[in-house]
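[1] okay, predicted coordinates and the sequence, questions at the end:
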Amino acid sequence: MTTKVYIPRDSSALSMGAEKVAFAIALEAKKRGLEVEIIRNGSRGLYWLETMLEIATDKGRMAYGPVKVKDVVSLFDADFLNGQAHALSLGLTEELDWLKKQQRLTFARVGITDPISLDDYIAHDGYNGLKNALKMSGADIVQTVTDSGLRGRGGAAFPTGIKWKTVLGCESEIKYIVCNADEGDSGTFSDRMIMENDPYVLIEGMTIAGIAVGATQGYIYLRSEYPHALVALNTAIEIAKEAGYLGDNILNRGKAFHLEVRRAAGAYVCGEETSLLESLEGKRGLVRFKPPLPAIEGLFGKPTVVNNVISLATVPIILDKGAQFYADYGMGRSRGTLPIQLAGNIKHGGLVELAFGITLRELLYDFGGGSATGKPIRAVQVGGPLGAFLPESQFDTPLDYEEFGKIWAVLGHGGIVAFDDTVDMAKMARYAFEFCAIESCGKCTPCRIGAVRGAEVVDKIIAGKDVTKNIKLVRDLSDTMLNGSLCALGGMTPYPVLSAMNHFPEDFELKQAKAAA
Amino acid sequence: MQDLTVNLDTKLDALIAQHQNMPGALLPLLHAIQDNIGFVPESSYMSISKALSLSVAEVHGVVTFYHHFRTHKPGRHILQICRAESCQSMGSEALEAHAKKCLNIDYHQTTPDQNITLEPVYCLGNCALSPAVMMDEEVYGRMTPADLDALVAEVAA
């Protein structure tokens, strides 16, 4: 009898040796004359358990992890192919507490299916959304997305339906759907997981967007650091094309949509939508002035929907199950679920998709299990390099766009990076300026010059030089950057800087005393 | 990588022909050139600019704007170390220092034997398994200095 063995192809799993494990299992099975079918599925997102294997049994899929090559022989000895116990046994995957507590909507298939198999995608409710959309008018699709309450998951949280409505209302022969897959925020990997582990859901979401607003060409602007996502997307696009899910006549319903992946080139600022459009046009990624909005004059001057991967990948389930189904999740004006990424100094890091409203503390301790080093978590940065640092006293804040706004923080793309008590917050503030200086597009002065001067002044603080005076100077400079920058790069760099100074003043003020001592 | 003095022009012409009619052709073309010959030689700017109706300054401007593109031949392997916050929280600074010390080069430099070019990178999307590095096209997580030594030894072989 052939046993199905699931071994993830996700690049984080590969970073822990999944490829070598797959090879070792195939070799050992051959040696023992056992029939195995190795399926390279996506990762379930329990990254501390990677490489996590699963065996298909009568009771369901049994998980083992973290498996290293050296464990393979003993797994066979223990008869893991029949789901037998081993030191690395985790039990039934479905029963894992970490997964059971989640509400996976956007990530419904991730880790379960073979990402490249269109049959697998369709067998797990794939393309139901598109089939519904093909029976609806553009305006009705846009209304459904609006009613779901979906807001831009890239970080700006702008209502997706409103953006689509603007593009739908533009008179133009040519319109574009652009997917922002330039996921550059440290602590985030949900876009990568979708693209590597369920690429069809993004393709379906973009196709629905195209049909809704009347666009026939889509581009995925993918960061160059994600080679596995590039292969997965290109393979899936080819298969979808051949099966009639992309092309001039989608499912014989007379609608056209074409899709192409374009590689970014390592500029963080190109995650900003207008800079991204410049880059797609083959130029330096300089931020554009707004207005005009990209929805009206976007790529090559045409009306363009620019949405993040997660926003677009969430559209299929909304069109499948209805706006109300999605809107029933969440709190306040933050409807639906957020794929949260637990990262940094955390014991159990990975992907947690939950309705808005869970607190940071629950995420860090109930899911994350505390810090990886076992020391107290002193600070977390939420929302990438432009997100605020939060102290322990704010860990009870629920994840909600407005609640985070109230404490002068952002949810961003849902990345949470934990730091233990060895972190030096003055150094983190310096890094925020340094990063902004490296990545600034150079168009506006507050960002281009401000970031460089900011790093210099924090250096003086760290050296204990005129600390009080220099702290005031950093605050003045931050004020200029906040209010005078053209885009979020310069405009939000003060978030990590000022939050570090406000919540962890001891890391700045004591420098003078230390220098004097 | 082949000796580039031989077929550079022929290769370049072929790549230009393949890409020049795409909308927004410059970035895909630069990627193709770098994938093919390892870098974007400044000597290619003239042909690119002619084919895409751009000035040489515009081509130079784009090449130098993006961290990914390089104008000089790199080592046989490219080692990128993540410097972003998540990796910092798990000791990437020590890893960076170790890499620079044991390779005896700084960022953007290549070992004298032309084997490894060391580059900083700002997030590899492997943040639940920090600290992370990338050797050529593969990411490695939970890296220790000893793991890094092993990785370097592997490509030195």
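    Structure's in. What do you need? Numbers count the residues shown, from 1 in each chain, chains lettered A, B, ... in the order given.

[2] so how far is stretch A:186-193 off the chain centroid?
    Its chain's C-alpha centre and that of stretch A:186-193 lie 4 Å apart, by Cα atoms, centre = their mean, to the nearest Å.

[3] does that stretch reach chain B?
    Yes - with Cβ under 8 Å from any Cβ of the partner chain as the criterion, chain B is reached by stretch A:186-193 at A:S186, A:G187, A:T188, A:F189, A:D191, A:R192. Every C-beta, even on glycine, is put in place using the N, C-alpha and C of the backbone.

[4] ok, so of these, who is nearest chain B?
    Nearest to chain B among the residues of stretch A:186-193 next to chain B: A:S186, at 3.3 Å, using Cβ to the nearest Cβ.

[5] which residues touch the nearest residue to that closest one once chain neighbours are set aside?
    Of all residues not flanking A:S186 in the chain, B:A84 sits nearest, at 3.3 Å (Cβ to Cβ, 6 or more residues apart in numbering or on different chains). Applying Cβ atoms under 8 Å, 6 or more residues apart in numbering or on different chains to B:A84 gives the contacts A:S186, A:G187, A:P385, A:F435, B:Y122, B:C123, B:C127.

[6] can you map out the strands along chain B?
    Assigned by DSSP state E, chain B shows strands spanning B:77-82, B:109-110, B:116-121, B:133-135, B:138-140.

[7] and among those strands, the most buried is which?
    Ranked by mean neighbour count, those are led by strand B:77-82 with a mean of 22 (mean count of other Cβ atoms under 10 Å in any protein chain shown).

[8] any low-confidence regions in the stretch 251-400 of chain A?
    Low-confidence segments of the stretch 251-400 of chain A (pLDDT under 70): none present.

[9] that one against chain B: which residues are in contact?
    Neighbours of chain B within the stretch 251-400 of chain A, by Cβ under 8 Å from any Cβ: A:262-268, A:279-285, A:300, A:341-346, A:349-351, A:372, A:381, A:385.

[10] could you report the neighbour count for A:G442?
    13 (other Cβ atoms under 10 Å in any protein chain shown).

[11] for A:I122, that is, sorry about that
    Neighbour tally, A:I122, other Cβ under 10 Å: 15.

[12] in terms of helices and strands, where is A:T480?
    helix A:467-484 (DSSP states H and E).

[13] tell me the helix or strand right after that helix.
    The helix or strand immediately downstream of helix A:467-484 is helix A:488-492, counting by DSSP H and E.

[14] helices and strands of chain B: which one has the lowest mean pLDDT?
    Among the helical and strand segments of chain B, the one scoring lowest on mean pLDDT, DSSP states H and E is helix B:4-19, with a mean of 85.

[15] and the residue in chain B sticking out farthest from the centre, how far from chain A?
    What lies farthest from the middle of chain B is B:S53; by Cα atoms, centre = their mean that is 26.8 Å. Distance of B:S53 to chain A, computed by Cβ to the nearest Cβ, to the nearest Å: 11 Å.

[16] over to B:A51?
    Distance, B:A51 to chain A, using Cβ to the nearest Cβ: 12 Å.

[17] residues contacting that residue?
    B:I16, B:Q20.

[18] A:I239 now?
    If you count contacts by Cβ under 8 Å, 6+ apart, A:I239 has them with A:I116, A:L118.

[19] pLDDT wise, what is it at?
    Looking at A:I239, its pLDDT is 98.

[20] element containing it, please.
    helix A:227-242.

[21] next structured bit after that helix?
    Next helix or strand after helix A:227-242 toward the C-terminus (DSSP H and E): strand A:258-263.

[22] center of chain B, which residue is that?
    B:H68 (5.6 Å).

[23] how about the contacts made by it?
    A:S224, A:A264, A:A265, A:G266, A:A267, B:Q34.

[24] make a markdown table from the residues you listed and add distance to A:Y121 and neighbour count to it.
    Shown next, in a markdown table, are the contacts of B:H68 (distance: Cβ to Cβ, whole Å; neighbours: other Cβ atoms under 10 Å in any protein chain shown):
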| residue | distance to A:Y121 | neighbour count |
| --- | --- | --- |
| A:S224 | 26 | 19 |
| A:A264 | 26 | 27 |
| A:A265 | 30 | 22 |
| A:G266 | 31 | 21 |
| A:A267 | 32 | 24 |
| B:Q34 | 33 | 20 |
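
[25] name the helices or strands packed onto the lowest-mean-pLDDT helix or strand in chain A?
    The weakest-scoring helix or strand in chain A, judged by mean pLDDT, DSSP H and E, is helix A:506-516 (a mean of 82). Counting contacts by 3 or more Cβ pairs under 8 Å, 6 or more residues apart in numbering or on different chains; DSSP states H and E, helix A:506-516 is packed against helix A:425-439, helix A:445-462, helix A:467-484, helix A:494-503.

[26] if anything else comes up later, I'll come back, but that's it for now.
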